[in-house]
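Student: I would like to see how this sequence folds:
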Amino acid sequence: MQAIISNFKRSRHKPSPNQVILVVEGVTSKDQASKFVGKKLTYKTSSGKEIKGEVRASHGNSGALRALFETGMPGQCLGTKLKLE
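Tutor: Okay, here's the model as predicted:
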């Protein structure tokens, strides 16, 4: 399944580079999003490196997900697709 990186999780002044907000096509509610909690993610960089992460929680009422990655994500990742396993 495919997910799109929407934005970094952030507070008022500071973004968290290892946490991102994901949007999955076809998921429109909090209940549908909660089924993806615990799934693994893989992001491939342009140099071929893989950054692995995990879906931790739903985000908001529209079906977005919050994911935690092992290292900080690059800024180029915004708007790109991920593999949701």
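
Student: Regarding the residue positioned nearest the centre of the chain, which helix or strand does it belong to?
Tutor: Per CA atoms, centre = their mean, the C-alpha nearest to the average position across the chain is that of Leu22, at 3.8 Å. Using DSSP states H and E, Leu22 sits within strand 15-24.

Student: Need the mean per-residue confidence for that strand.
Tutor: Taken as a whole, strand 15-24 has a mean pLDDT of 93.

Student: And that strand, what's buried?
Tutor: Pro17, Asn18, Gln19, Val20, Ile21, Leu22, Val23, Val24 (16 or more other CB atoms under 10 Å). Every residue, glycine included, has its C-beta placed from N, CA and C.

Student: between the residues you listed, which is nearest Lys9?
Tutor: Gln19 (3.9 Å; CB to CB).

Student: Okay, and the beta partners of the closest one?
Tutor: Judged by DSSP bridges, the bridge partners of Gln19 are Leu68.

Student: Report the contact partners of it.
Tutor: Contacts for Gln19 (CB atoms under 8 Å, 6 or more residues apart in numbering) come out as Phe8, Lys9, Arg56, Arg66, Ala67, Leu68, Phe69.

Student: Could you pull up the residues touching the residue nearest to the centre of the chain?
Tutor: By CB under 8 Å, 6+ apart, the residues touching Leu22 are Ala3, Ile4, Ile5, Ser6, Leu41, Val55, Ala64, Leu65, Arg66, Ala67, Leu82, Leu84.

Student: The worst-scoring helix or strand of the chain on mean pLDDT pairs with which strands, parallel or anti?
Tutor: When the helices and strands of the chain are scored by mean pLDDT, DSSP states H and E, strand 81-84 comes last with a mean of 88. Counting by DSSP bridges, the strands paired with strand 81-84 are strand 2-10 (antiparallel), strand 40-44 (antiparallel).

Student: Pull up the gap between the residue nearest to Leu65 when sequence neighbours are not counted and Ser62, please.
Tutor: Leaving aside its sequence neighbours, Leu65 sits nearest to Leu22 (CB to CB, 6 or more residues apart in numbering; 4.4 Å). For Leu22, the distance to Ser62 (CB to CB, to the nearest Å) stands at 12 Å.
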